[in-house]
Structure formats: C-alpha cells, structure tokens
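Enquirer: need coordinates for the below:
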Amino acid sequence: MHKWLPALLVLAELSAYGSNAARQADLDFVANRIPQLHVNFFYQLDPAVFQAAAEALASDLPNLTDAEFYVRLAALIAMAGDPHTAIYLNNSAAVTMGFQQLPFLFVSLDDGVFVSEAPGSYAPALGAQLTAVGGVPIDQVVQQLGTLIPHRNDGWLRYYSLSYLLGQQILQGLHIAPAGATTPLSFRTLAGETFTLDVAAGAMTSASRLPDPNGLFPRYLQGNNQNYWFVYEPANRMLYFRYNNCTNMPIFNPFSAFAANLLATVDSNPVDTMVLDLRQNVGGDSSVWNPLLTGLAQRMPGLLANPQFRIYGAVDNGTFSSGSLDAMLLKSSIPQVRIIGAPTGGSAGGYGNAVAFTLPGSGLVGQYSTSYVQPPAGIAPGTTFAPDIAIGIRSTDFFARYDPVMGAILARTDQAPAAPSGDAIAVNGASFRADRGLALGSYAAVFGSFGQTPDTVLVAGVRAQIVFATATQVNIVVPASAAVGNASISVRVGGQEVAAGRAAITSAAPGLFVLTAEPWQPGAVENQDFSVNSASNPAAMGSIVSIYGTGAGPVDGSGNAPVSVFFGDYPAEVVASVPLAAFPGLWQINARVPPLPMMGQIPVFAIAGGMASNAATVTVR
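Expert: Below you'll find the model as predicted:
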C-alpha cells in the first residue's frame, strides 16, 4: 500500500489566486479522470450525488477564493471514502498555492489535542489542550476536516487532522477561521486556565517543546529519523524493534542485513519479551519486513519453550496502510502475538496500492487506489484492526515521558479493569485514572453532582473512610474488607443516596501522586536527604528516593508490598515498599536511582499486581 505524503515543515507566503481556467482544468480532472483511473471509485458513492457536487462547485467557481475552491475540490474527491484517494493540502505543492501553516506541533492523545512544540512568542500554549479554532469547538473542527480527509475510522481522522489543523488557508476555506493574517486558537491548561492566542502563519523558529529535551524519552519517541531500528535490553531481557516506516534503506542499512542482525541477537541472548512497535507507521511496502517475519516465525517454537516469553505488536491510530497491514500479517503469521495499544488508523481490508497524480491547473498532488487489498488469513475485514489489549495514552503520560503501552508490557497486563460507570465515578486517588481499578485500602476519588456534601460512601456495601468531601468530589479510603470484583459505589447524605455507580475493586492498583498540575507531572518524591525532588533539587544516580503513591496491595511476610519500579524502562532496586499505618491509603516506596543513559527529567512508575501505575517525573543528576 502506498503511504500518505508527509506534512509540511517549511511554508511559503500566500500566492495569488489561480485563474478560472486552471481551476476548471483541476475540477475536470477530479470529476472525470479520477473516477476512470480509480479501480472502483463509486464502491460506496452514488455517481449522481458526486456529479451534483461537481456541478455545484463548477457553478460557484468564479466566486471562490483559492482556499475555498481547493478545499471544496479536496472534499469532492474525498466523497469516495477511500483513505488512499485524496488531494493533499499539506505538502510543498500546496505551499506554492499559498496553503500556509501555523507554527505549532500538535499531538493527538486520548484526552484531546495538545501543543507539544511552539515558538517562544506562543510559549503559554506549550502543554495546553486546543479547545477551539475561531470559536468553533475542536470536535466540530475535526469533523469538518473529515470532509477533506477520507477515512474509514475516527482514529485515522484524529491522527491525520493534526497537520490540517495547522493549515491556515484550510481553516479559512472551511469558514472555521476568519480571513486575515492571524487565526484565533483557544486553549485550556491542565490547571484549568483558559486563554486565546491570535496566531500568525509562518515557519517554526526558536521553538520550545514539551517534554523538555533534557531528559529520557520513551522508546517509541526515539530514533524517528530511521525507518527501523532495534535494541536489546539485558536488564529486562527484552528485544525492542521500532518500525517507523515500511521502506527499505538499501544503501545505509538494507533490511535483509538488519533482520539478520536482529535475529542473531535473539539467538544469542535470553529473551523474555519481544516488542515489535508499529505505532505511527503510515506505510510504504508491506513486504519489506518479510525476512524478519519469516525468521521470527521459524524461531517461535524455541522462544515459546521459555514460559516467561511473550511477544507483542504495538499499534495506534497512526498505524496506517502497509503499517496496519504488517500488524495484521504479524498476527496472522504468529498467532501467539498480543497486539497492544489503540485501534489502527488503517482498515482491515480496503483499496490501496496507490498511484500519485498532479492536477493540471494548480500542480497540487494527490493519489488514487489501483486495487483492493484483502486482510491476511484469519483477520476479519473491518474499518480498523483492534488490539487484543487496549491501552491509551493521555496528556499526563505523554508530557511525563511515559509510555503506558510499555508499562503494560512490563507489567504483563492482559486487560485493563472495567471502567467505572454510573453517576458516581470512582477513580484512583493518586492518578485519577479510570482504567486502573481501586485497590483495597487505597485512596479513591469519587466524582459526581451530589447536590450536598456527602457524609457516607459505601463500597460494596461497606462504609468507607471519608478524608475529603465537597458537593462534586469525595475522597475515600477503600475499605480493606470489601470484596474484590465489580462493586457498587453509593454516595449518601443524611442516609439518602444521592449518586451511585460501579467500579472495579482489585487487590492492587498502583497510582503515584504528583505535586502540581504541570503537564510533566512532577512527582511527590523525596531525595535521600528528605528534601523534595525538583528541577533545582535533583536526585543523584545511585541515591535512594522515596516515592509516594496508593494502591499497594497486600504485604508479604516482611511487611512490604511487592512492587517493581522503573525509571523510564530501567528497573530500579526497591529498598522498601510499605503502606504507612499512620496515613491509611498512603504508600511509600524507597527505590535506588539506577544507572541511566542521561540526566534531567525521568519518568518513574510502579508495577504491582500485574498493573502499571501512572508516571511521575523525577529530576536526576
């Protein structure tokens, strides 16, 4: 399958409007030629509807700006609903037409669209959530962009719309943003502050970014300038393979030689965990990695003889075209693989093997499909390829440099607990995550509209200790005597129930406390001298830090709660792990900072009871 062309990094000034003759030539090509070139353009589109839309655009053509016309032309070809058939408004040809971009870098996460990079003049937006464009709520903006971005699932739309959200003329052509030199973007910080910036288009200069470059990044954000790479981690007995792009590098690192090296590493080292990471792999040639896939399939009987061995394939909304096809081929070839992450942006079966075209009038480029690609054997057709283990990434994960997918892999998590339900939503009291469950004896926070301040909370019929309460939030200690399983949550005032829900009660559900509502999640962590860890007061490598959390689970004969602690992906020695009797629900973990490849902000997380916690950051020197 052909991959989508990359988004712009360098932008040009607005060009003069094209001639009506040039526009008409482009419209004729899309309306008449593309349906002939495409293998089955009208597979889900009524030709009469398409013809009517083309005629309406022809009628309006003389009265439209370039932005309006070419946005509508992109929408016309997108009516086919084939993600491999489109006109691009975010590449160098679009620059020539005057499609400029706003100087940000956005990232799409489970809880919204966030700013990860911005020029110094717009630095207040770093780490903030984009909530509106030109006063239009972001969800509505993305849905309108979906008329230009052909997609078979919302995941691909959310992923690919990131570059179109930066397109000033795209936003103006859709009448989302007003005409003019600046575009109003509205934001909300993690602390709840809201503000709007009037942003001018232009190249990114003197950019700042979050997370700060000085620190340890998760594997999936490393080495993105290479199509493929791998590393063996002796401490975790793990081989990690990152597949960024399905394109061979015959001169610098031919895949055949690369695969042979990787397989030799597998043969000569103990491997308990293998990760094949295809997240944000938007395609190329699905056959490139065949030598690796064949070699792994041949070695599976030997690898599976190790009872600790597990193999994972990681995917997300940015896994598209040949990237998603390769994920399906992995599952088809090696049934023991566990697919983990988020549903793919690519579908299980669809049109592809795309061929590029250039519009005759404007020089804008696009592509169309030439064949139908069936899903591999054993994979059911569908609009997406769903993971076996669903793990999302939130803004607090991303900006804390934490990969919850890797956390779940290291924890051997097979499935997250059921999400809480009802009008009393109970979540972990440290992480506020709804996908971690509530541990016996841990802090939990129950949210709802209670009308009054609650005086009683029952968990599975057992009265919980209340430590804080308002009319919308009540913090409790989950009763240690409650039963593990799906439990009722009853919030009461004066004996009357004001809200009820259900939540998963688990033996352990680790969550780490953070000190302030900063995107990078500074942890409630003390250095060895009992001072609070911070950017200005870092911990030394080899020193012992105290990490505070909740959800420890049962203790062993020594009075310690079994736990593993990781700084990034590097395991740490746990010196002590004790629930604090003086503060029911509070858990203190003393861990030694391991040798790390770099200093700065480091994510730390804990694993207990087969579940990984959220991450907090510590600063290490």
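Enquirer: quick one: neighbours of Ala419, just the number.
Expert: For Ala419, the neighbour count with other CB atoms under 10 Å is 15. Where C-beta positions appear, they are placed from N, C-alpha and C, glycine not excepted.
Enquirer: OK, contacts around it?
Expert: Ala419 makes contacts with Ala434, Asp435, as judged by CB atoms under 8 Å, 6 or more residues apart in numbering.
Enquirer: begin at 20 from now on, thanks
Expert: From this message on, residue numbering opens at 20, which makes the last subject Ala438.
Enquirer: tell me which element it is part of?
Expert: For Ala438, there is no helix or strand it lies in under DSSP states H and E.
Enquirer: quick check: buried residues in the least confident helix or strand in the chain by mean pLDDT?
Expert: Within the chain, no helix or strand scores below strand 226-228, which has a mean of 80 by mean pLDDT, DSSP states H and E. Neighbour counts over strand 226-228 (16 or more other CB atoms under 10 Å) mark Ala226 as buried.
Enquirer: can I get stretch 95-111 in PDB, CA atoms only?
Expert: Extracted C-alpha coordinates of stretch 95-111, given in PDB (Å, rounded to 0.1, in the frame of the first residue of the first chain):
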ATOM      1  CA  LEU A  95     -15.100  16.300  -3.700                       C
ATOM      2  CA  ILE A  96     -12.500  13.600  -4.200                       C
ATOM      3  CA  ALA A  97     -12.900  12.600  -0.500                       C
ATOM      4  CA  MET A  98     -16.500  11.800  -1.200                       C
ATOM      5  CA  ALA A  99     -15.300   8.400  -2.400                       C
ATOM      6  CA  GLY A 100     -14.400   7.500   1.200                       C
ATOM      7  CA  ASP A 101     -11.200   5.800   0.200                       C
ATOM      8  CA  PRO A 102      -8.300   6.900   2.500                       C
ATOM      9  CA  HIS A 103      -5.800   6.200  -0.300                       C
ATOM     10  CA  THR A 104      -7.600   8.600  -2.700                       C
ATOM     11  CA  ALA A 105      -7.100  12.300  -1.900                       C
ATOM     12  CA  ILE A 106      -5.700  15.700  -2.800                       C
ATOM     13  CA  TYR A 107      -3.000  16.900  -0.300                       C
ATOM     14  CA  LEU A 108      -3.300  20.400   1.100                       C
ATOM     15  CA  ASN A 109      -0.300  20.000   3.400                       C
ATOM     16  CA  ASN A 110       2.800  19.500   1.200                       C
ATOM     17  CA  SER A 111       5.200  21.500  -0.900                       C
END
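Enquirer: coming back round to it: what packs against the very next helix or strand once past the least confident helix or strand of the chain?
Expert: As assigned by DSSP H and E, the chain's next helix or strand after strand 226-228 is strand 247-252. Packed against strand 247-252 by the contact rule (3 or more CB pairs under 8 Å, 6 or more residues apart in numbering; DSSP states H and E) you find strand 257-262, helix 274-287.
Enquirer: can you show me the helices along the stretch 270-419 of the chain?
Expert: Counting by DSSP state H, counting those that start in this stretch, the stretch 270-419 of the chain has helices at residues 274-287, 309-323, 341-352, 414-417.
Enquirer: how about these, which one is nearest Arg238?
Expert: Nearest to Arg238, of all the helices of the stretch 270-419 of the chain, is helix 414-417, at 13.8 Å by CB to CB.
Enquirer: off-centre distance for the closest one?
Expert: Here the centre of helix 414-417 is set off from its chain's centre by 9 Å, with CA atoms, centre = their mean, to the nearest Å.
Enquirer: try stretch 241-250
Expert: Relative to the centre of its chain, stretch 241-250 is centred 18 Å away, using CA atoms, centre = their mean.
Enquirer: buried residues in that stretch, which are they?
Expert: Neighbour counts over stretch 241-250 (16+ other CB under 10 Å) mark Asn246, Tyr247, Trp248, Phe249 as buried.
Enquirer: please identify which pair of those residues lies farthest apart.
Expert: Using CB to CB, the buried residues of stretch 241-250 span at most 12.0 Å, a distance reached by Asn246 and Phe249.
Enquirer: any chance of the helices of the stretch 270-419 of the chain in TSV, plus mean pLDDT, mean neighbour count and distance to Phe133?
Expert: TSV is the format used below for these (pLDDT from 0 to 100; neighbours: other CB atoms under 10 Å; distance: least, CB to CB, whole Å):
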stretch	mean pLDDT	mean neighbour count	distance to Phe133
helix 274-287	98	16	34
helix 309-323	98	15	34
helix 341-352	98	25	23
helix 414-417	96	24	5
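Enquirer: for Pro66, which of the ones you listed is the nearest?
Expert: helix 341-352 (29.2 Å).
Enquirer: what angle do the closest one and helix 309-323 make?
Expert: If you take axes from the mean of the first three to the mean of the last three CA atoms, to 10 degrees, helix 341-352 sits at 40 degrees to helix 309-323.
Enquirer: packing partners of helix 341-352?
Expert: helix 309-323, strand 329-334, strand 357-360.
Enquirer: so for Thr491, which of the ones you listed sits nearest?
Expert: That would be strand 357-360 among the helices and strands packed on helix 341-352, by CB to CB, at 33.0 Å.
Enquirer: report the mean per-residue pLDDT for the closest one.
Expert: The predicted model gives strand 357-360 an average pLDDT of 98.
Enquirer: before we move on, what about stretch 142-155?
Expert: 97.
Enquirer: before we move on, the earlier item: any chance of a markdown table for the helices and strands packed on strand 247-252, columns distance to Leu240?
Expert: Converted to a markdown table, these look like this (distance: least, CB to CB, whole Å):
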| stretch | distance to Leu240 |
| --- | --- |
| strand 257-262 | 10 |
| helix 274-287 | 21 |
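Enquirer: Ala67: which of the ones you listed is closest?
Expert: Once the helices and strands packed on strand 247-252 are compared by CB to CB, strand 257-262 is nearest, at 43.1 Å.
Enquirer: could you dump the closest one to PDB, C-alpha only?
Expert: The C-alpha trace of strand 257-262 is given here as PDB (Å, rounded to 0.1, in the frame of the first residue of the first chain):
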ATOM      1  CA  MET A 257      13.700  -7.600  26.200                       C
ATOM      2  CA  LEU A 258      14.300  -7.100  22.500                       C
ATOM      3  CA  TYR A 259      12.500  -3.900  21.200                       C
ATOM      4  CA  PHE A 260      12.100  -3.400  17.400                       C
ATOM      5  CA  ARG A 261      10.900   0.000  16.200                       C
ATOM      6  CA  TYR A 262       9.300   0.000  12.700                       C
END
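Enquirer: domains of this structure?
Expert: For the chain, automatic domain parsing gives the domain ranges 20-225, 238-367+402-430, 440-525, 530-639.
Enquirer: could you redo those domains as CSV and give each row distance to Pro379?
Expert: As requested, the domains of the chain are arranged in CSV below (distance: least, CB to CB, whole Å):
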stretch, distance to Pro379
domain 20-225, 5
domain 238-367+402-430, 26
domain 440-525, 51
domain 530-639, 47
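Enquirer: which of the ones you listed sits closest to Gly385?
Expert: Comparing the domains of the chain against Gly385 with CB to CB, the closest turns out to be domain 20-225 (4.0 Å).
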